[in-house]
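Asks: just to be clear, the model below is a prediction. Sequence and coordinates:
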Amino acid sequence: MKLGDIHQPVSILSGGQKKKVALARVLMEQVELMILDEPTNHLDIEMIEWLEEFLSRQKLAILLVTHDRYFLDEVCSEIVEMDNGELYKYKGNYSYFLEKKEERQQQQLREIGKAKNLYRKELEWMRRMPKARGTKAQARVEAFYSLEEKAKQRVDDSHGQLFVKTERLGKKILEINDIYKSFGALKIVEGFSYTFKRGEKIGVVGPNGIGKSTLFNMIVEQENPDMGDIVRGQTTKISYFSQQGMKPEGDKRVLDMVKDIAEEIELHNGTMSASRFLAYFNFDNTTQYNYFSNLSGGEKRRLYLLMKLMENPNFLILDEPTNDLDIPTLAILEDFLRNFKGCVLISSHDRAFLDNLVDHVFVFEGYGYVKDFPGNYTQYRLKKKKEEKQKKALKPKRSQNKRGPGKRDPNKATYKQKQRHDFLEKEIARLDEEREQLTQKLNLEELQPDELQNASETIGKLMEQIDELTLEWMELEEIINPE
């Protein structure tokens, strides 16, 4: 889990490290069902991809909530959607769910259209207030109210495109000139230069703690480079969404906080009220009049993001904006940024978010080296995997030791090692089956306290044996099958 010093107290760990500790505890348990609530939050992309692969290999049931769409695609074989108090099941991954949800909504819209036509006719009948109070008339009245409910349903919750007014960018936007930055022995950037161009959307990727936020802080002059300089154009107006979020003075209502910035939000084709702008980002009337302290973590981040967008910047820096945001909000944000005319610099562990927006990526590869890759994150990963595969293919095979007649090749497994390897494979399978049977017995049968204690102790010993033998098997596997 790359936690570094495992002897340090949990109290001094960062939020991301604490998340890793909690995740490690869950992943180590021998269970049949694992429930994960936003497991990818605060993890870097490398860690998410490792977790994705790990969970895909497990033979257990997993129930998870996540806003990471690629993670859903790779790990899940069934999606359950909660929508307007209803549950809908889809037998497939997230891509399949999107396709089928669209079909379901189109069908619902057709049904609502029919219901609206019938509702107009029945409304005329109701207005005439029929005097007949027979069973048939009463049934028709009841059917009318049921029809009215259906006719007034709202299915299509899509948002129109929103173009916020931005200050015009001049020829010079932002220049990073040969900057160096280190913290003691830790090199963040060494000799990095870049000149930003109009309308660029750039992703910034790399492991947690490697220096992405430090680069952002230098751009907004919260930190200084050790060498080199960063020059901002006269017309460049930067808005910086940081991971720390906002800490407002006093406790205000959401709508009042937004109105403090502007009563009306300037758009390219007019204005929009603060209330409507909040509604666009999924803040309903009740939430708009709620106090900031009562908001959830996700709502606070969404409000902070919205307030940064209201500043009418022409250069946006977003440091992990997708943490704690739900999928509908992510879709709105993506749409907003796609239409944004200024420059955008984004650090995010959400691969789908990056792929849908960026033209190229700055890759922090460690030791101060920052690579500018022309393409999105997935294209970068595919290229990197291809290079690793080619490097492995070019790696020289183990040298064949020259030996005299009768002398054994020290790199080759012995007959005894092969025998032991085969025995361990069968023995581990046998012990695992014994553990499984005992576990089922504990779950299905009512045992006496002493029987329960003995069974639990036996399972513990079996797991210790399995771990010990598996370690030995892995060592022999490396000798027998080195490639």
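Replies: Sure, I can see it.
Asks: remind me which residues of the chain are low pLDDT?
Replies: 112, 114-117, 119-165, 395-411, 442-447, 449, 482-483 (pLDDT under 70).
Asks: repeat that with 50
Replies: Within the chain, the stretches with pLDDT under 50 are 156, 158, 399-402.
Asks: list the contacts of the residue lying closest to residue 211 once chain neighbours are set aside.
Replies: Spatially, and ignoring its direct neighbours in sequence, residue 211 is nearest to residue 188 (3.6 Å; Cβ to Cβ, 6 or more residues apart in numbering). Heads up, the C-betas are built off the backbone N, CA and C, glycines and all. Neighbouring residues of residue 188 by Cβ atoms under 8 Å, 6 or more residues apart in numbering: 181, 182, 210, 211, 214, 215, 368.
Asks: now a ChimeraX select for only the buried ones of these.
Replies: Burial among the contacts of residue 188 is assessed by 16 or more other Cβ atoms under 10 Å; the matching ChimeraX selection reads:
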select :181,182,210,211,214,215,368
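Asks: nearest to residue 75 among the contacts of residue 188?
Replies: residue 210 (25.7 Å; Cβ to Cβ).
Asks: circling back: out of the contacts of residue 188, which is nearest to residue 438?
Replies: Distances from residue 438 to the contacts of residue 188, taken by Cβ to Cβ, are shortest for residue 210, at 45.5 Å.
Asks: got the contact list for the closest one?
Replies: 188, 364, 366 are the contacts of residue 210 under Cβ under 8 Å, 6+ apart.
Asks: with residue 358 instead?
Replies: 201, 202, 203, 346, 376, 377.
Asks: and residue 89, what are its bridge partners?
Replies: residue 80 (DSSP bridges).
Asks: number of nearby residues for it?
Replies: Counted with other Cβ atoms under 10 Å, residues neighbouring residue 89 total 10.
Asks: can you check residue 171 too?
Replies: Going by other Cβ under 10 Å, the residues that sit close to residue 171 add up to 8.
Asks: quick one, strands of the stretch 1-150 of the chain?
Replies: For the stretch 1-150 of the chain, the strands defined by DSSP state E, counting those that start in this stretch cover 33-37, 61-65, 79-83, 86-90.
Asks: so what secondary structure elements neighbour the helix or strand encompassing residue 388?
Replies: Following DSSP states H and E, one finds residue 388 within helix 377-394. Applying 3 or more Cβ pairs under 8 Å, 6 or more residues apart in numbering; DSSP states H and E, one finds that helix 377-394 contacts strand 201-205, helix 351-357, strand 360-364, strand 370-373.
Asks: which residues sit against the third one?
Replies: Surrounding strand 360-364, the residues in contact under the criterion Cβ under 8 Å, 6+ apart are 194, 202-207, 210-212, 215, 354, 370-377, 380.
Asks: tell me the helix or strand right after the helix holding residue 388.
Replies: Past helix 377-394, the next helix or strand by DSSP H and E is helix 415-444.
Asks: distance between that next one and the chain's centre?
Replies: Put simply, helix 415-444 sits 37 Å off its chain's centre (Cα atoms, centre = their mean, to the nearest Å).
Asks: list the buried ones in it?
Replies: 420, 421, 424, 428, 431, 435, 438, 439.
Asks: do the same with stretch 295-315
Replies: 295, 299-310, 312-315.
Asks: try stretch 60-78
Replies: 62, 64, 66-76.
Asks: circling back to that earlier point, make TSV from the strands of the stretch 1-150 of the chain and add distance to residue 107 to it.
Replies: Below are those laid out as TSV (distance: least, Cβ to Cβ, whole Å):
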stretch	distance to residue 107
strand 33-37	31
strand 61-65	26
strand 79-83	14
strand 86-90	12
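Asks: follow-up on the earlier one: among the buried residues of helix 415-444, which one sits closest to residue 92?
Replies: Out of those, the member with the shortest distance to residue 92 (by Cβ to Cβ) is residue 439, at 31.0 Å.
Asks: export stretch 274-286 to CSV, keeping only CA atoms.
Replies: Provided in CSV are the C-alpha atoms of stretch 274-286 (Å, rounded to 0.1, in the frame of the first residue of the first chain):
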residue,chain,number,x,y,z
ALA,A,274,-27.3,33.1,-8.2
SER,A,275,-30.1,30.8,-7.3
ARG,A,276,-30.4,29.4,-10.9
PHE,A,277,-26.6,28.9,-11.0
LEU,A,278,-26.7,26.9,-7.8
ALA,A,279,-29.6,24.8,-9.3
TYR,A,280,-27.5,24.1,-12.4
PHE,A,281,-24.9,22.5,-10.1
ASN,A,282,-27.6,20.4,-8.3
PHE,A,283,-28.3,22.6,-5.3
ASP,A,284,-32.1,22.4,-4.8
ASN,A,285,-34.1,25.1,-3.0
THR,A,286,-33.9,23.4,0.4
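Asks: contact partners of it?
Replies: With Cβ under 8 Å, 6+ apart, stretch 274-286 has contacts from 159, 162, 254-255, 258-259, 262-265, 272, 287-288, 299, 302-303, 305-306, 310, 328-329, 332.
Asks: now stretch 459-466
Replies: 30, 428, 431, 432, 434, 435, 438, 439, 442.
Asks: just how off-centre is it within its chain?
Replies: 36 Å.
Asks: start the count at 74 instead of 1 going forward.
Replies: OK, 74 is where the count begins now, so the last one is stretch 532-539.
Asks: in that stretch, what counts as buried?
Replies: So for stretch 532-539, counting by 16+ other Cβ under 10 Å, buried means 532, 535, 538, 539.
Asks: any chance of the residues you listed in TSV, plus distance to residue 82?
Replies: What follows is the buried residues of stretch 532-539, written out as TSV (distance: Cβ to Cβ, whole Å):
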residue	distance to residue 82
532	31
535	33
538	33
539	31
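Asks: for those, which one is nearest residue 432?
Replies: Looking across the buried residues of stretch 532-539 and measuring by Cβ to Cβ, the closest to residue 432 is residue 539, at 49.7 Å.
Asks: let me know the secondary structure of the closest one.
Replies: What DSSP: H, G, I helix; E, B strand; the rest coil gives for residue 539 is helix.
Asks: sorry, back to before: widest-spaced pair of the contacts of stretch 532-539?
Replies: Pairwise over the contacts of stretch 532-539, using Cβ to Cβ, the maximum falls at 501 and 515, 21.1 Å.
Asks: residue boundaries of the strands in the stretch 224-373 of the chain?
Replies: Using DSSP E, counting those that start in this stretch, strands in the stretch 224-373 of the chain cover 247-256, 259-268, 274-278, 300-305, 311-314, 337-340, 343-346.
Asks: most packed of these?
Replies: strand 274-278 (a mean of 23; mean count of other Cβ atoms under 10 Å).
Asks: show me what that one is packed against.
Replies: Partner elements for strand 274-278 (3+ Cβ pairs under 8 Å, 6+ apart): helix 285-292, strand 416-420, helix 424-430, strand 433-437, helix 450-467.
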